[in-house]
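Visitor: Sequence and predicted structure are below.
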Amino acid sequence: MKKVILTGAIGSGKSTVLRAAMQRLGWATPAGYFTHWDGQPRGAQTLYAESWRGERIPMAHRRAPCGGPDAMPPYVLTPDFIPFAATHLTVSEPGQPVVVDELGLIELETAPIITAVSALFRAANPVWVVIQQRALGKWRLHVPELSAATIFAVTPKNRADLPASIVGA
């Protein structure tokens with residue numbers, strides 16, 4: 001199984017496609033994690049990270065508002081997220097799949113996460129990662145190993161057919 005990156009605009013269906021492809025392969029509890037707003041609307045005060053096995057922590061908190069085109073990202077990572085990510089981005093078993101939903105710009109603020117993602121893409125295990133469309137170029141600059149991955153751009157028009165394509169990749 002190859003390395004796979006899913007990318008697309010906000011609301012394009014990246015997570016839905018990822019989960020449908022995982023279900024086709026029976027990947028209920030891979031290594032890795034997913035992010036969510038804990039039932040709150042997108043842009044809530046706290047963003048959470050949760051392992052596929054149910055371990056959950058606050059990943060980032062909203063910063064005080066700061067304006068302008070060169071403003072800092074609106075969220076700052078929590079200190080606990082860095083060791084959480086390092087643990088869940090480490091392959092512990094040969095052949096174990098690693099699935100991350102999703103990587104954005106804020107994860108690029110810390111070298112240990114970049115290093116862990118780079119190591120994943122060098123390892124033999126299957127790796128599937130959702131990367132925000134706006135962040136993909138920056139991730140490719142920091143993690144050259146991403147260039148060997150198969151990239152699927154998710155759109156509302158193609159998302160129904162993509163799970164089968166990903167599983168076949």
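Guide: Yep, it's here.
Visitor: number of nearby residues for the nearest residue to Leu77 once chain neighbours are set aside?
Guide: Nearest residue to Leu77, sequence neighbours excluded (C-beta to C-beta, 6 or more residues apart in numbering): Ala60, at 5.1 Å. (C-beta placed from N, C-alpha, C; glycine too.) As a burial measure, Ala60 scores 22 neighbours (other C-beta atoms under 10 Å).
Visitor: On the strand side of things, show who Ala60 bridges to.
Guide: In this entry, Ala60 is beta-bridged to Leu47, Leu77, by DSSP bridges.
Visitor: And for the helix or strand of the chain at the bottom of the mean pLDDT ranking, what's in contact with it?
Guide: Sorted by mean pLDDT, DSSP states H and E, the helices and strands of the chain end with strand 75-77, the least confident at a mean of 91. With C-beta atoms under 8 Å, 6 or more residues apart in numbering as the test, strand 75-77 has contacts from 47, 59-63, 106-107, 109-110.
Visitor: returning to that earlier point: show me what contacts the residue nearest to Leu77?
Guide: So Ala60 contacts 46-47, 75-78, 81, 106 (C-beta under 8 Å, 6+ apart).
Visitor: Quick check: of those, which lies closest to Ala116?
Guide: Checking the contacts of Ala60 against Ala116 by C-beta to C-beta gives Phe81 as the nearest, at 12.0 Å.
Visitor: I'd like the distance between that closest one and Ala49.
Guide: Counting by C-beta to C-beta, to the nearest Å, the gap from Phe81 to Ala49 is 6 Å.
Visitor: joint contacts of these two?
Guide: Jointly contacting Phe81 and Ala49 under the rule C-beta under 8 Å, 6+ apart are 57-59.
Visitor: top of those by neighbour count?
Guide: Going by other C-beta under 10 Å, Met59 tops those with 23 neighbours.
Visitor: Report pLDDT for the residue nearest to Ile131 when sequence neighbours are not counted.
Guide: Excluding its sequence neighbours, the residue lying closest to Ile131 (C-beta to C-beta, 6+ apart) is Leu103, at 4.8 Å. Listed pLDDT for Leu103 reads 96.
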